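Enquirer: For reference, the sequence and a predicted model appear below.
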Amino acid sequence: MKVYVFIFIVISSLLFSSCIVYNTDKSRTTEMEQKDIAKIVYSKLGDPDSLIVQKNQGNSKILYIAKNKSVHEKFFSHLNFLVFDNLKNNIIYKNQFDNAKIEWYNNNQLLLTKYLGILENKNTSNIKVYIIDLETDDIKEFKKQNEKL
């Protein structure tokens, strides 16, 4: 009987020691995964000169904005960006606009500011603001509460 107990203990300890523990926290990526993500982002954004990285408040999504030096940079700007979801571990949104600025509005929405005209001028009324909903891919014009659509 003691032999069976001893064998059971030995086999149990071998089984428990051979178990592999997997990281179930999808919001944390390893260094290797981050390098892979960087390669994917650079390839999707056309190998930009520089890359601006902005995390949302919950750190669940990352906004990557490509910056390219252009001969025509004084006259217009080209905005190329994408959003990577850490929880889904993939790119959930990609788009590009001319004469625009993009930033986080909340955890699931982006604020897109478009400057209509050749030269960007923040003092003119030729500015339109949009909300991009990352869950539905809808782009809706954003109006202040005292303005009518």
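Expert: Thanks, I have it.
Enquirer: Chain neighbours aside, what residue packs nearest to Val41?
Expert: Tyr64 (5.0 Å; C-beta to C-beta, 6 or more residues apart in numbering). Bear in mind the C-beta positions are built from the backbone N, C-alpha and C, glycine included.
Enquirer: Which of the three states applies to the one you found?
Expert: Classification of Tyr64 by DSSP: H, G, I helix; E, B strand; the rest coil places it in strand.
Enquirer: Could you tell me whether Ile40 really is in a helix?
Expert: Yes: read with three-state DSSP, Ile40 is one of the residues of a helix.
Enquirer: Could you give the bridge partners of the residue nearest to it when sequence neighbours are not counted?
Expert: Using C-beta to C-beta, 6+ apart and skipping the chain neighbours, the partner closest in space to Ile40 is Ile91 (7.2 Å). For Ile91, the beta-bridge partners are Phe84 (DSSP bridges).
Enquirer: burial count for Ile91?
Expert: Ile91 has 16 neighbouring residues, counting by other C-beta atoms under 10 Å.
Enquirer: what's the answer for Asp47, then?
Expert: 10.
Enquirer: Which pLDDT value belongs to it?
Expert: Per-residue pLDDT puts Asp47 at 72.
Enquirer: before we move on, what about Phe16?
Expert: At Phe16, pLDDT is 51.
Enquirer: ditto for the one 4 residues further on
Expert: Per-residue confidence (pLDDT) for Ile20: 44.
Enquirer: what does Ser125 give?
Expert: On the pLDDT scale, Ser125 gets 68.
Enquirer: What of Phe81?
Expert: At Phe81, pLDDT is 93.
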